[in-house]
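J.: no sequence for this one, just the structure:
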């Protein structure tokens, strides 16, 4: 499988092992379309950071291949990266961080970065260690954007932020993306944060890709059915997860978008968060069984 | 990359410049005064013509007066440890500890160039500091070394070539410890321990054997005490007594003789003392193993090569560990 022209990130059989036998990522084949905001979800330890580090060239695959716009990841690839906990040099001022970015990147847009920080009200002469978590994440995002990347990779950018800062960060991310030709790959274990911004979704569980596709397609294909309690064999196709209450059963099914509604079951559309949670619960049950 | 290295290490650079300034001024002032005394007090004349009258006392007084400063300078044998602990160990440990390696290695500059530039510039700075201080110290010691030789620890350890090589080695050890442990404080401790564990044994047990020492055998002196003074520029690494067959006496045997001669009283040594008579009566002679002062540069070369080689191995290991950790 070779990357198609419209793909931003392409992986084939991508695997990464730590030590002798711990596989953080196993046989991951993905084709992520360009120009989209792609959410990468999964519980902690699912392999999200490993996949992102492989995509930006901080790690090398144990097996398989990864390419960004058809080229191997690495310093030359046009990738901006905001690492987990948005690390910055604590003793550097914000201006120093911009200088850092400029001296390490030929395409660095310093004027644009300064303007962005000014609009966010982040003082350039303050040490980054003295900034709030939200401001630090904005500085890290500004640095990554100023590199003028074609692919922006963000690893849990809002995990350590309070709800207001989370919302502000996501809004500014969407604004930034709207202004340029940019593909975004963003990981989070907080699905609610991604729901508003993502149009493509990848679900990782225990190092494997369990679900991948356009959010619209996924939502059209999945339905939440409610009907009389029936904990026996369900005569339904494409059951992903079932929850049985006292009198009713709730079932998540994956069916073609144009499948006919079942007469006995009341069908409701499902939210992205419900969808992801149902998959995660189901996958964990599958393991326990 | 140049700017990044400068920004990350400018505090260290400022400290180095300050250190040079603080050390240089008193050293130069004192060194000039010592040179003046060296000539004015007749020490220079004694060194060129040791047979002159009263030289023993003149030289002894001169050396005594400056011994304290010489001891102080010997503290700078720990300069490499300071560089290794405070510059080498944190250099990469801090990047791993704070996660900043993830920004550093996701920019357009590859990690090889990033590492190469950083190590080259910081290494060059450390070597420059060691070279300046070492040259200064050796200049200061000039008159003392003319009397006592340059191979003794107090002169040898702070001479520029070996001080530079040992500094580079300690820096490399710090960098490696930092990449392996990825935490600053443990890396600093390990660097210090490793430095002491290598530096002291080399000084004590390895350095005397860089070249085969020369051997001098002399008869016991039973006549009147020797008058006059001789420069002792050679570096004595072993001395003792040997019998007619050339067998060297063990320490225990030597002590037995001393007890035999002096009983429980105070032992005195030197020409014309009772122990010399004992040696002569029993067919024993003095032997001395020494390195001549003109072996100084050969010794510096060997020691520098030793530590530079070790530094190269440690740095290569550090680069390999970084590449493995981050790929």
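T.: That came through fine. Computed from a predicted structure; not experimentally measured. Numbering: from 1, shown residues only, chains lettered A, B, ... in the order given.
J.: which bits of chain A sit near chain B?
T.: A:56-60, A:74-76, A:79, A:81, A:83-85, A:87-90, A:92, A:96, A:99-101, A:103-107, A:140, A:143, A:147 (CB under 8 Å from any CB of the partner chain). C-betas here are computed from N, CA, C, even on glycine.
J.: pull out the buried residues from those.
T.: The neighbour-count test (16 or more other CB atoms under 10 Å in any protein chain shown) marks A:56-60, A:74-75, A:79, A:81, A:83-85, A:87-89, A:92, A:96, A:99-101, A:103-105, A:140, A:143, A:147 as buried among those.
J.: so which residue of the stretch 151-300 of chain B comes closest to chain A?
T.: At 12.6 Å from chain A, residue B:184 is the closest residue in the stretch 151-300 of chain B, using CB to the nearest CB.
J.: isn't that residue right up against residue B:91?
T.: No - using CB atoms under 8 Å, residue B:184 makes no contact with residue B:91, being 9.5 Å away.
J.: so what's in contact with those two at the same time?
T.: Counting by CB atoms under 8 Å, 6 or more residues apart in numbering or on different chains, the common neighbours of residue B:184 and residue B:91 are residue B:178.
J.: which of those two has more residues huddled nearby?
T.: Applying other CB atoms under 10 Å in any protein chain shown to residue B:184 and residue B:91 shows that residue B:91 carries more neighbours, namely 24 against 19.
J.: surely that one meets residue B:176?
T.: No - with contacts counted by CB under 8 Å, residue B:91 stays clear of residue B:176, the gap being 10.4 Å.
J.: if we can go back for a sec, check what pLDDT the residue of the stretch 151-300 of chain B closest to chain A gets.
T.: Per-residue pLDDT puts residue B:184 at 96.
J.: which ones are touching it?
T.: B:89-90, B:93-94, B:97, B:178.
J.: helices of the chain, start to end?
T.: In the absence of a named chain, chain A is used. For chain A, the helices defined by DSSP state H cover A:48-56, A:94-104, A:110-119, A:133-146, A:163-179, A:191-195, A:215-221, A:272-288.
J.: to clarify, I was referring to chain B.
T.: B:2-40, B:43-48, B:55-74, B:79-83, B:89-97, B:101-104, B:111-148, B:153-156, B:160-181, B:184-201, B:251-262, B:274-281, B:296-325.
J.: for the last one, buried residues please.
T.: Within helix B:296-325, the residues scored as buried using 16+ other CB under 10 Å are B:296, B:299-300, B:302-304, B:306-308, B:310-311, B:314-315, B:317-319, B:321-322.
J.: and the fourth one, by the same measure?
T.: Taking 16+ other CB under 10 Å as the basis for neighbour counts, the residues of helix B:79-83 that come out buried are B:79-83.
J.: quick one: list the elements packing against that helix.
T.: In terms of contacts (3 or more CB pairs under 8 Å, 6 or more residues apart in numbering or on different chains; DSSP states H and E), helix B:79-83 is packed against helix B:111-148, helix B:160-181, helix B:184-201.
J.: cutoff 6 Å now
T.: If you count contacts as 3 or more CB pairs under 6 Å, 6 or more residues apart in numbering or on different chains; DSSP states H and E, helix B:79-83 packs onto helix B:160-181.
J.: now the helix it packs on, how far from the centre of its chain.
T.: Computed by CA atoms, centre = their mean, to the nearest Å, the separation of helix B:160-181 from the middle of its chain amounts to 16 Å.
J.: domain ranges for chain A?
T.: As assigned by automatic domain parsing, chain A contains the domains A:7-206, A:217-288.
J.: going by mean pLDDT, which of those domains comes out lowest?
T.: Taking the mean pLDDT of the domains of chain A, domain A:217-288 comes last: a mean of 79.
J.: off-centre distance for that one?
T.: 24 Å.
J.: what distance do you get for residue B:32 to residue B:72?
T.: Residue B:32 sits 17 Å away from residue B:72, going by CB to CB, to the nearest Å.
J.: if you could redo that for residue A:284, that was the one I meant.
T.: Taken as CB to CB, the span from residue A:284 to residue B:72 is 68 Å.
J.: contact distance from chain A - what residues of chain B qualify?
T.: For chain B, the residues in contact with chain A (CB under 6 Å from any CB of the partner chain) are B:3-4, B:98-100, B:102-103, B:105-110, B:326-327.
J.: quick one: low-confidence parts of the stretch 101-250 of chain B?
T.: B:224-229 (pLDDT under 70).
J.: report the buried residues of stretch B:33-42.
T.: By neighbour count on 16+ other CB under 10 Å, the buried set for stretch B:33-42 is B:34, B:37-38, B:42.
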